[in-house]
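Asker: Got a predicted model here, sequence first, then my questions.
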Amino acid sequence: MDMRDRLDPELVGPLDGIMEATGGLSLRDIPATRSMLAGMLEAMAAEAPPFPGVHAEDRLLEFGGHAAKVRIYEPDFADSGSPVLLWMHPGGYVIGSIALDDMLCRQMCKAAGCHVVSVEYRLAPEHPYPAALEDCFTALQWLHHEPDVIGIDPNRIAVGGSSAGGGLAAALALRARDEGDAKPCFQLLIYPALNDKNTEQASDTVPDNLFWSRENALIGWQAYLEGKQGGNDVPAYAAAIRADNLSGLPPAHIACGALDMFVRDCTDYANALIDAGVATSLNIYPGAFHAFDAFAPDAKVSQRFVADRTGALRRAFGKDS
């Protein structure tokens, strides 16, 4: 069966529109793709309606001699001691910014009733590993040690992200377990990029260019790891699927489309977490491609995905039973 024949019918039109407009978003020319994406986001922001109920503020956080730029989202109804989601945007480790997930962060902030802190981490190839992780770790430490500045509960800090941001969130959970005193209470891993090898070739059952291609994944990892991707010395803090010990990590919610090229990595990582005794939920969405929820938000499968994500986050924060 052709891969496209397995798509959820409600996702076919949006995927065709994306491919026609972008060709699938290629990373062969990273500066050009960054420029195109920035222009697209600027146009979308100009047309976006107001989003009531959430206040956003950019801030430079400093801790332990390091600094990280973030955007802090606060719901209007937040009480002192609010839970917080530390969020990392997608982009293959080489493109994207806090602007990319601005609307998503507002939605999660309001739906989950929590602060959201989105990290403007440094991008490869100009800033290879561990620069991005260092920025995220700085933000996590600041939230833990300075909770009263924005009125959050240091014991209810979740880490999360999508795609490359999901990979950073998983790596951050590992580093936080091993270093420092900030211990996240939850991992929200949305189709995370966990595996620097990506060696499996496309086939009838392994997707390739349904918006995000294997080529893009390899280019991103090559830039992030300075050409060392796939080697024997890549640390788990760079590619979490390489971790030998997953015990002691916080509970995790992993979500991925069945036609996402990362689906097998997500399944393998979820199984490894479960084997290590980590409470883990794994949600696979039939007929869905990478980032399907962003491009087809009205599709029923996207609505299920969003409801599952919100429910998992609310339960992690003790808001729902």
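Answerer: Now that the structure is in, tell me what you want to look at.
Asker: And for A112, the neighbour number?
Answerer: A count of nearby residues for A112, using other CB atoms under 10 Å, gives 25. (Glycine included, C-beta is placed from N, CA and C.)
Asker: For it, what are phi and psi?
Answerer: The phi and psi torsions at A112 (degrees, to the nearest 10) take the values phi -90, psi -10.
Asker: which residue sits closest to it, ignoring its sequence neighbours?
Answerer: Nearest non-adjacent residue to A112, counting by CB to CB, 6 or more residues apart in numbering: L313, 4.4 Å away.
Asker: Now do the contacts for the one you found.
Answerer: 85, 108, 112, 114, 158, 160, 186, 188, 253 (CB atoms under 8 Å, 6 or more residues apart in numbering).
Asker: and it, that one's in a helix?
Answerer: Yes. Judged by DSSP: H, G, I helix; E, B strand; the rest coil, L313 forms part of a helix.
Asker: Which pLDDT value belongs to it?
Answerer: The score at L313 is 98. That number is its pLDDT.
Asker: What of P147?
Answerer: So, for P147, pLDDT stands at 96.
Asker: So it is in contact with N155, correct?
Answerer: No. Counting by CB atoms under 8 Å, N155 is not a contact partner of P147; they are 9.0 Å apart.
Asker: The residue nearest to A112 and M108: what is the separation?
Answerer: 7 Å (CB to CB, to the nearest Å).
Asker: what residues are shared contacts of those two?
Answerer: Joint contacts of L313 and M108 (CB under 8 Å, 6+ apart) are 85, 114.
Asker: what ranges do the strands span in the protein?
Answerer: For the chain, the strands defined by DSSP state E occupy 54-63, 66-75, 82-88, 115-119, 152-162, 186-190, 252-257, 280-285.
Asker: can I get the ones you listed in CSV with mean pLDDT?
Answerer: Output for the strands of the chain, formatted as CSV (pLDDT from 0 to 100):
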stretch, mean pLDDT
strand 54-63, 96
strand 66-75, 97
strand 82-88, 97
strand 115-119, 98
strand 152-162, 97
strand 186-190, 98
strand 252-257, 98
strand 280-285, 98
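Asker: Need these in a markdown table (columns: mean neighbour count).
Answerer: Formatted as a markdown table, the strands of the chain follow (neighbours: other CB atoms under 10 Å):
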| stretch | mean neighbour count |
| --- | --- |
| strand 54-63 | 14 |
| strand 66-75 | 20 |
| strand 82-88 | 26 |
| strand 115-119 | 28 |
| strand 152-162 | 24 |
| strand 186-190 | 26 |
| strand 252-257 | 26 |
| strand 280-285 | 18 |
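Asker: Those: which one's closest to R264?
Answerer: With CB to CB as the measure, strand 252-257 is the member of the strands of the chain nearest R264 (9.3 Å).
Asker: quick one: that closest one to strand 280-285, angle?
Answerer: Strand 252-257 runs at 10 degrees relative to strand 280-285, counting by axes from the mean of the first three to the mean of the last three CA atoms, to 10 degrees.
Asker: so F317 touches I157, yeah?
Answerer: No. Assessed by CB under 8 Å, F317 is found out of contact with I157, at 9.9 Å.
Asker: Pull up the overlap in contacts between these two.
Answerer: 83, 185.
Asker: The strands of the chain into TSV, with extra columns for distance to R304?
Answerer: Conversion of the strands of the chain to TSV gives the following (distance: least, CB to CB, whole Å):
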stretch	distance to R304
strand 54-63	24
strand 66-75	24
strand 82-88	20
strand 115-119	22
strand 152-162	16
strand 186-190	14
strand 252-257	10
strand 280-285	7
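Asker: Ok, which of these comes nearest F292?
Answerer: Going by CB to CB, the one of these nearest F292 is strand 252-257, 5.3 Å.
Asker: So what are the sheet partners of the closest one and their directions?
Answerer: Counting by DSSP bridges, the strands paired with strand 252-257 are strand 186-190 (parallel), strand 280-285 (parallel).
Asker: Export the last one to CSV, keeping only CA atoms.
Answerer: Presented in CSV, the C-alpha positions along strand 280-285 are these (Å, rounded to 0.1, in the frame of the first residue of the first chain):
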residue,chain,number,x,y,z
THR,A,280,4.9,6.2,30.7
SER,A,281,1.9,6.7,28.3
LEU,A,282,2.5,6.2,24.6
ASN,A,283,-0.1,7.6,22.2
ILE,A,284,0.2,6.7,18.5
TYR,A,285,-2.2,8.4,16.1
